[in-house]
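# Sharing a model prediction with you, sequence too.
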There are 2 protein chains.
Amino acid sequence: MNFCSNCAAPLARRVPPGDSLPRWLCDACGTIHYENPKLVLGAIPEWNGRLLLCRRAIEPRYGYWTLPAGFMENDETAGEAAQRETLEEAGARIELLEPFSLISVPRVDQVHLFYRARLLDLDFKPGEESLDVALFEEGAVPWKDIAFRTVGLTLKHWFADRKSGAFRFHCEDLRGP
Amino acid sequence: MNFCSNCAAPLARRVPPGDSLPRWLCDACGTIHYENPKLVLGAIPEWNGRLLLCRRAIEPRYGYWTLPAGFMENDETAGEAAQRETLEEAGARIELLEPFSLISVPRVDQVHLFYRARLLDLDFKPGEESLDVALFEEGAVPWKDIAFRTVGLTLKHWFADRKSGAFRFHCEDLRGP
């Protein structure tokens, strides 16, 4: 961030009065440009014990498998974002159940939130951002080709909880590279 | 948003190729400026069945009561944000327990997340953004002077759950004005 999006003047990086962190400040118009973490919303669509995964057709992690997920947009709720991403990436309609995992990833300034979900039919197909979409039972999940650590963790928790007989809410942090 | 923060050129608002929503686009340097919801993180600090509330010394809602909460920052986890806000606004040290309420507020492009928490001592005092900090039992909560609907909902859920004997995770949406 180099210029003010409000008046186009050059920005300076320093701690504003009364604040404790450096921000991008515009000395011309006085705007403080805050930067905050983004929410990534996703779903864990189930069909008879199998989970729907998408093979990514875009970077990062082209060719790797993921749960349908993406950046939450303005003007929508967390649940709507999870449903929209599932429709966009997997062409799949779901009934959204409860939130299942909330994982902070401070390295990339993101918080990932996945909902349990029930696939409503088998009429899914890859969207523009996916090469392939398929259902996997636990033994068939391509564990070595999972795109993101938050997705791998969420899948492991889901299968472990199913085995234990009760799904619970998982909240954790992912640190390091 | 009128100017590119990358190159200071004027921005245009339209749907980029392959996208479905209008974005702020820079035709000079090609940057797409996405806008996404912000996370507000807070805590519900308890001491012997009473909850810690702060009376706001800033707008919006100057003079109204709230749980300690604020915008999550880059380079921190959700839990760290809840603890930081509690320290900043109430001078209070807490042990963070599990997430308790997750409330989408699409009207203002925010998602509010509150954690249950245990106050570690009674050595709290108002920070710069608070006029007062105090502990309230259910009957003493200033219900008509609560600053935000997400805080009122979270408090109601907390007292109801305590009565029922089990705290559970609450996920909901707040629509309308």
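Thanks, I have the structure now. Bear in mind the structure is a predicted one, so any value in this text is a computation, not a measurement.
# where do the helices sit along chain A?
In chain A, the helices defined using DSSP state H lie at A:78-90, A:149-164.
# what helices or strands is the shortest one leaning on?
What that stands for is helix A:78-90. Secondary-structure packing of helix A:78-90 (3 or more C-beta pairs under 8 Å, 6 or more residues apart in numbering or on different chains; DSSP states H and E): strand A:38-47, strand A:50-56, strand A:69-71, strand A:94-105, strand A:110-119, strand A:130-136, strand B:94-105, strand B:170-173. Placement of C-beta: from N, CA and C, glycine included.
# Please produce JSON lines containing these, extended by distance to B:L131.
Shown next, in JSON lines, are the helices and strands packed on helix A:78-90 (distance: least, C-beta to C-beta, whole Å):
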{"stretch": "strand A:38-47", "distance to B:L131": "31"}
{"stretch": "strand A:50-56", "distance to B:L131": "50"}
{"stretch": "strand A:69-71", "distance to B:L131": "37"}
{"stretch": "strand A:94-105", "distance to B:L131": "31"}
{"stretch": "strand A:110-119", "distance to B:L131": "31"}
{"stretch": "strand A:130-136", "distance to B:L131": "52"}
{"stretch": "strand B:94-105", "distance to B:L131": "20"}
{"stretch": "strand B:170-173", "distance to B:L131": "28"}
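# Mean pLDDT added to those, as CSV?
What follows is those, written out as CSV (pLDDT from 0 to 100):
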stretch, mean pLDDT
strand A:38-47, 98
strand A:50-56, 98
strand A:69-71, 97
strand A:94-105, 98
strand A:110-119, 98
strand A:130-136, 98
strand B:94-105, 98
strand B:170-173, 97
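# Now distance to B:T150 and mean neighbour count too, for these, in JSON lines please.
Shown next, in JSON lines, are the helices and strands packed on helix A:78-90 (distance: least, C-beta to C-beta, whole Å; neighbours: other C-beta atoms under 10 Å in any protein chain shown):
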{"stretch": "strand A:38-47", "distance to B:T150": "16", "mean neighbour count": "24"}
{"stretch": "strand A:50-56", "distance to B:T150": "32", "mean neighbour count": "22"}
{"stretch": "strand A:69-71", "distance to B:T150": "22", "mean neighbour count": "19"}
{"stretch": "strand A:94-105", "distance to B:T150": "16", "mean neighbour count": "20"}
{"stretch": "strand A:110-119", "distance to B:T150": "16", "mean neighbour count": "23"}
{"stretch": "strand A:130-136", "distance to B:T150": "35", "mean neighbour count": "17"}
{"stretch": "strand B:94-105", "distance to B:T150": "5", "mean neighbour count": "20"}
{"stretch": "strand B:170-173", "distance to B:T150": "9", "mean neighbour count": "17"}
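# For A:W158, find the nearest of the ones you listed.
Proximity to A:W158, assessed across those by C-beta to C-beta, is greatest for strand A:38-47 (5.7 Å).
# That closest one pairs with which strands, and in what direction?
Strands adjacent to strand A:38-47 in the sheet, as given by DSSP bridges, are strand A:50-56 (antiparallel), strand A:69-71 (antiparallel), strand A:110-119 (parallel).
# Please tell me how far the residue nearest the centre of chain A sits from B:T77.
Geometric centre of chain A, nearest residue: A:V40, 2.9 Å, by C-alpha atoms, centre = their mean. A:V40 sits 14 Å away from B:T77, taking C-beta to C-beta, to the nearest Å as the criterion.
# now the farthest one out in chain A, which residue is it?
Here, in chain A (C-alpha atoms, centre = their mean), the farthest residue from the centre turns out to be A:A28, at 36.6 Å.
# which residue packs closest to it, ignoring adjacent ones?
Leaving aside its chain neighbours, A:A28 sits nearest to A:A9 (3.5 Å; criterion: C-beta to C-beta, 6 or more residues apart in numbering or on different chains).
# Ramachandran angles for that neighbour?
When quoted as degrees, to the nearest 10, the phi and psi of A:A9 stand at phi -70, psi 160.
# Kindly provide the distance from it to B:V151.
For A:A9 relative to B:V151 (C-beta to C-beta), the value is 37 Å.
# Have a look at those two and say which one is more surrounded.
When neighbours are counted by other C-beta atoms under 10 Å in any protein chain shown, A:A9 and B:V151 differ, and B:V151 comes out ahead with 24 against 15.
# Measure how buried the nearest residue to A:R149 once chain neighbours are set aside is and give me the count.
Excluding the flanking residues, the one nearest A:R149 by C-beta to C-beta, 6+ apart is A:L174, at 5.6 Å. For A:L174, the count of nearby residues is 17 (other C-beta under 10 Å).
# pLDDT score for A:L174?
A:L174 is assigned 97 on the pLDDT scale.
# any chance of the helices of chain A in TSV, with mean pLDDT and distance to B:A90 too?
Formatted as TSV, the helices of chain A follow (pLDDT from 0 to 100; distance: least, C-beta to C-beta, whole Å):
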stretch	mean pLDDT	distance to B:A90
helix A:78-90	98	27
helix A:149-164	98	31
